[in-house]
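Asks: give me a 3D structure for the following:
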Amino acid sequence: MALIRSLLFTLLSVPLIAFFGALVCVVAPFHVNTAYVLIDIWRSIFLGLLVRGVLGIRTRVVGIENIPDEAVVVLSKHQSAWETVALQQWFPRMVFVLKKELLLLPFLGWAFKAIGMIAIDRKAGMDALAQVSEQGTALLRRGISVIIFPEGTRVAPGQKKRYKPGGAHLAVQAKAKVVPVAHNAGEVWRRNAFIKQPGTVTISFGPAIDASGLTVEEVNRQVEAWIEGEMHRISPHRYCDGSSQQA
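Replies: Numbers count the residues shown, from 1 in each chain. Take a look at the predicted model:
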């Protein structure tokens with residue numbers, strides 16, 4: 001049944017992405033607010049009809065009261081493609097920091113470029129950090145949240161990678177609040193897996209961290225401590241030895 005669900009999901013999601021991706025490309029250069037409306041419609045269909053209806057993946061939300069009523073830097077665990085769509089429910093005016101290669105994807109990548117996602121060369125080092133800081137600060141001041149995956153790539157449940165300082169650096173430079181996010185989407189939607197399993201994803205939003213007056217290291221340390229601690233609570237079976245596994 002999971003195979004049939006996943007096949008149907010793929011057959012329906014590809015034309016949906018192509019249709020709305022093309023619309024966003026056409027509309028965004030002239031009216032970005034309308035483009036965000038189109039993205040919201042696409043997200044609602046994708047998560048409601050396809051993810052919940054076809055795949056049978058539901059969502060349990062914890063800590064939604066921790067999300068401030070302002071643009072923030074979102075630093076999230078990254079386990080699957082699920083959160084790249086789902087996070088838009090709670091931060092509808094947002095951009096992602098992503099690798100520039102994704103802009104080459106037909107329709108989806110073109111839409112990323114049209115809407116103004118922050119695309120970086122991960123080999124650029126300090127230049128990439130400066131780009132995130134400059135573009136991210138400008139977006140935050142326009143009321144647009146910036147979503148970053150501090151581990152830089154998708155990480156399997158129960159594992160972790162080094163938390164890179166780019167998101168913390170942006171928050172400090174912009175004097176913005178940071179919302180840490182933990183979730184277990186990788187339990188049902190594994191990295192690069194064609195077959196998705198039905199189940200419930202728990203997503204948890206931590207208390208906002210005001211980066212004003214803090215150092216980059218302090219912000220990064222607080223974010224990592226909260227996310228990894230919450231991951232132990234969300235997925236205790238992945239941490240049987242009492243400590244997270246290093247990827």
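
Asks: Lys175 and Ala211 touch, don't they?
Replies: Yes - with contact taken as C-beta atoms under 8 Å, Lys175 and Ala211 are classed as touching, separated by 6.4 Å. Every C-beta, even on glycine, is put in place using the N, C-alpha and C of the backbone.

Asks: strands along this protein, start to end?
Replies: Taking DSSP state E, the strands of the chain run over residues 57-62, 73-76, 94-99, 118-120, 145-148, 159-160, 177-183, 199-205, 209-210, 245-246.

Asks: show me what counts as buried in the second one.
Replies: Spelled out, that is strand 73-76. When burial is assessed from 16 or more other C-beta atoms under 10 Å, strand 73-76 yields the following buried residues: 73-76.

Asks: what lines up beside it in the sheet?
Replies: Applying DSSP bridges, strand 73-76 is found paired with strand 145-148 (parallel), strand 177-183 (parallel).

Asks: as CSV, those with mean pLDDT and distance to Ile41 would be great.
Replies: As requested, the strands paired with strand 73-76 are exported to CSV (pLDDT from 0 to 100; distance: least, C-beta to C-beta, whole Å):
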stretch, mean pLDDT, distance to Ile41
strand 145-148, 98, 19
strand 177-183, 98, 24
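
Asks: those: which one's closest to Ser44?
Replies: Closest approach to Ser44 among the strands paired with strand 73-76 (C-beta to C-beta): strand 145-148, 18.2 Å.

Asks: only alpha carbons, please: show the closest one as CSV.
Replies: Output in CSV follows, covering the C-alpha atoms of strand 145-148 (Å, rounded to 0.1, in the frame of the first residue of the first chain):
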residue,chain,number,x,y,z
SER,A,145,11.5,35.4,7.7
VAL,A,146,14.6,33.5,6.7
ILE,A,147,14.7,29.7,7.1
ILE,A,148,18.1,28.0,7.5
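
Asks: picking up where we left off before, looking at the strands paired with strand 73-76, which is closest to Arg58?
Replies: Checked against C-beta to C-beta, the stretch from the strands paired with strand 73-76 lying closest is strand 177-183, at 12.9 Å.

Asks: quick one, longest helix in the protein?
Replies: helix 2-27 (DSSP state H).

Asks: show me what that helix is packed up against.
Replies: The helices and strands touching helix 2-27, judged by 3 or more C-beta pairs under 8 Å, 6 or more residues apart in numbering; DSSP states H and E, are helix 32-45, helix 108-115.

Asks: now the residue positioned nearest the centre of the chain. Nearest residue, chain neighbours left out?
Replies: For the chain, Thr84 is the residue whose C-alpha lies nearest the centre (C-alpha atoms, centre = their mean; 4.1 Å). With C-beta to C-beta, 6 or more residues apart in numbering as the measure, Phe96 is the residue that lies nearest to Thr84, at 7.0 Å, once sequence neighbours are left out.
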